[in-house]
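# Task: produce atomic coordinates for the following.
(2 chains)
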Amino acid sequence: MARLGFGTAEPAAERVVVALDRDRPLVEAARRDPAKFDALYRKYLAQVYSYALYELADHHAAEDATERTFLRALAGLTRFRELARPEDGPDASTFRVWLFRIARNVVANERRSRRRRPASSLDAVLGAGLTIADGVDLEGDAVTRDEAATVLRAVGDLPDDRRRALLLRFVDEMSTAEIAGILGRSEGAVRVLIHRALGSVAHELGHDRGSRR
Amino acid sequence: MRAPAEGGVTGDALATDQYLDGLLAQAERAADSAARRTADGAPAPDAEDLAGARAIDPAVRHGAAVLRATLLRAHPSFRFEERLAAQLADLAAGQSRGSVASAGPSTDVVPFPVATASPSTDPLLVAVLAGRLDPSDEAAVDRTRSVRSPARPLLVGGAITSAAISLVGVAWVAWRASRPSGARMGRAARAAHARRIADLAAGVPGGTG
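Numbers count the residues shown, from 1 in each chain, chains lettered A, B, ... in the order given. Below you'll find the model as predicted:
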């Protein structure tokens, strides 16, 4: 959890609230002793792997991308600069943003090279492992396995930026500010990307429902 | 489904964003309060109870609910997790050794810390380790192809050289190959050769050899 640090030497009226990257202690420890990077690795492994898996729709490719991401992160940790701002909120983790920028680069490169090879679809790869039981009720809304498959297809068909923004929002539960930092876009632009991506998914779901009636 | 005009997109996007904040936070809270709800007999919160939900198109709300249920976070296999942890530990150990080696005046040849993560696996890793590339920089995407050839990097007295990735490395290897060897046998052969030339110049028949 983020903490707020106060300058103790300043008079009370001039104290400046500084948002502290919640990963700062772990990052500083890893800088002093690279072996301590393990804590950051364990903390973010599932998040990075999930992002890569939904982006690449291939378990092995996702593992390769995850491996590259963490090795590059450890190798380049000295270049990481904490840029947390108070408006980033109490849960801001600029290390997480930096790590996901690396993941974005690795995944983008992999996707680019895979364009020359036939790629498997997201629903085909993940469909078999879908944990959605037929008729499961979530947030008061029934979600069926068919709908889940439709959603995966729709996500796979989204333009790159919309798909990335949607995955970071839903899979990694990132704030708009964090996604903006990763994609190098403004927060407003990210909101529009997600809004439009949701519209596309809703359209596909509506179309799918209509065709099944 | 509603098709908003371009001018209203920003407002709709903001409303959607606030709705998603609530939806994602609700999912987090759901796990915590599930037991409490069961004990109290209270019904599960409806998606329409979320702040601003009624301003969102029902189709979009349903789409968001399906996405929330479908896009679950996955965890890689334990085997992969431990293998990568071991690779990172190797790299970390190499970094520690490298920093010690480069700090001292020693001219020992120290293997670059990429024993398990070879450059052929990730061609950019060498550049990142050498501090020549920020891995989070977007340029890292485009530079991957230009550094594809496998290299054999070494740390020599704290300086990085590699014939495959650097012209300076090529020049250094060529210069070093042309230099006389410092081995005892080499010195003896050069001394004998120099004496023979000196004897021939002085007119000594047959030289000393």
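
# contacts, neighbours, all on C-alpha from now
Will do.

# what's the spacing between A:Ser186 and A:Ala180?
6 Å (Cα to Cα, to the nearest Å).

# same question, B:Glu82
32 Å.

# ok, these two, which is more surrounded?
Using other Cα atoms under 10 Å in any protein chain shown as the criterion, B:Glu82 and A:Ala180 rank with A:Ala180 on top: 19 against 12.

# Now do the same for that one: its pLDDT.
pLDDT recorded at A:Ala180 is 90.

# Same question for A:Arg213.
For A:Arg213, pLDDT reads 55.

# ok, now B:Ala59?
pLDDT for B:Ala59: 86.

# need the helices for chain A, in chain order.
Using DSSP state H, the helices of chain A run over A:24-32, A:37-56, A:59-75, A:94-114, A:122-127, A:145-157, A:160-170, A:176-183, A:187-212.

# State the pLDDT value of A:Arg115.
68.

# Please identify the most buried of the helices of chain A.
Burial of the helices of chain A is given as mean neighbour count (mean count of other Cα atoms under 10 Å in any protein chain shown); helix A:59-75 ranks first at a mean of 24.

# ok, is it in contact with chain B or not?
Yes: using Cα under 8 Å from any Cα of the partner chain, helix A:59-75 comes into contact with chain B via A:Glu63, A:Glu67, A:Arg68, A:Phe70, A:Leu71, A:Arg72, A:Ala73, A:Leu74, A:Ala75.

# Save the residues you listed as a markdown table, and put in pLDDT too.
Formatted as a markdown table, the residues of helix A:59-75 next to chain B follow (pLDDT from 0 to 100):
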| residue | pLDDT |
| --- | --- |
| A:Glu63 | 94 |
| A:Glu67 | 95 |
| A:Arg68 | 94 |
| A:Phe70 | 96 |
| A:Leu71 | 95 |
| A:Arg72 | 94 |
| A:Ala73 | 95 |
| A:Leu74 | 94 |
| A:Ala75 | 92 |
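
# what's the closest of those residues to chain B?
Taking Cα to the nearest Cα as the measure, A:Ala75 is the one of the residues of helix A:59-75 next to chain B closest to chain B, at 5.1 Å.

# per-domain residue ranges of chain A.
A:1-120, A:122-213 (automatic domain parsing).

# Using CSV, list the CA coordinates for stretch A:172-191.
Written as CSV, here are the backbone C-alpha positions of stretch A:172-191 (Å, rounded to 0.1, in the frame of the first residue of the first chain):
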residue,chain,number,x,y,z
ASP,A,172,-4.6,-6.4,-14.3
GLU,A,173,-7.2,-4.1,-12.7
MET,A,174,-5.2,-1.0,-13.4
SER,A,175,-6.4,2.6,-13.0
THR,A,176,-6.8,4.8,-16.1
ALA,A,177,-3.7,6.8,-14.9
GLU,A,178,-1.5,3.6,-14.9
ILE,A,179,-2.8,2.5,-18.3
ALA,A,180,-2.1,6.0,-19.6
GLY,A,181,1.5,5.7,-18.3
ILE,A,182,2.0,2.3,-20.0
LEU,A,183,0.5,3.2,-23.3
GLY,A,184,2.0,6.7,-23.5
ARG,A,185,-1.5,8.2,-23.9
SER,A,186,-3.5,10.8,-21.9
GLU,A,187,-6.0,9.6,-19.4
GLY,A,188,-8.8,11.0,-21.5
ALA,A,189,-7.6,9.1,-24.5
VAL,A,190,-7.4,5.9,-22.5
ARG,A,191,-11.0,6.4,-21.2
